[in-house]
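Novice: got a predicted model here, sequence first, then my questions.
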Amino acid sequence: MTEVFVAKVDGIADRERRVLTIDGLEIGVFRLGDEFFAWESNCPHMGGPVCQGRIMNRVTEVLDDGKRSHGFEFVEADVHIVCPWHGFEFNLRTGAHPGDPTTRLKGFDVSVRDGGVYVIT
């Protein structure tokens, strides 16, 4: 295992990322509040650079009991990364696709110590 310095903790704002290449492997390190998550930037759909995609809250449709639509809403607690190639979304905390939890991003451990963020490959 190799531990690689990513950035100082205060160098990555909430809902921001750092994308780095380690031994030819592109990895995105994301901050959500005080938590950090690292994912391989390889979309399981077709290999797109998922970690370079848009970070946004999950969008859900608001339906009444008769299944009539009343618009859409953003889910604040469910932050996603959207692959720029085909729009596949993945939860930034779990790496799972919202429609098929078996479709996931490959994750890496992240260590935070002495004011620094490190990814372990």
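Specialist: All right, it came through fine.
Novice: other residues contacting the longest strand along the chain?
Specialist: Longest strand of the chain, by residue count under DSSP state E: strand 69-82. For strand 69-82, the external contacting residues (C-beta atoms under 8 Å, 6 or more residues apart in numbering) are 15, 28, 30, 32, 39, 50-51, 53-64, 88-93, 98. All C-beta spots, glycine's among them, are computed from the backbone N, C-alpha and C.
Novice: try 10 Å this time
Specialist: Strand 69-82 has contacts (C-beta atoms under 10 Å, 6 or more residues apart in numbering) with 14-15, 17, 28, 30, 32-33, 37, 39, 41, 43, 50-64, 88-95, 97-98, 105.
Novice: in this structure, which residue sits furthest out from the middle?
Specialist: residue 66 (33.9 Å; C-alpha atoms, centre = their mean).
Novice: excluding chain neighbours, give the residue nearest to residue 96 in space.
Specialist: Excluding the flanking residues, the one nearest residue 96 by C-beta to C-beta, 6 or more residues apart in numbering is residue 104, at 5.1 Å.
Novice: circling back: gap between the residue farthest from the centre of the chain and residue 28?
Specialist: Distance of residue 66 to residue 28, computed by C-beta to C-beta, to the nearest Å: 41 Å.
Novice: contacting residues for residue 48?
Specialist: 41, 42, 83, 84, 85, 86, 87, 88.
Novice: apply 7 Å and report the result again.
Specialist: Residue 48 is in contact with 83, 84, 85, 86, counting by C-beta atoms under 7 Å, 6 or more residues apart in numbering.
Novice: neighbours of residue 83, how many?
Specialist: 24 (other C-beta atoms under 10 Å).
Novice: typo on my end, it should be residue 109
Specialist: Using other C-beta under 10 Å, residue 109 has 13 neighbouring residues.
Novice: quick one: what helix or strand has it in it?
Specialist: strand 107-113 (DSSP states H and E).
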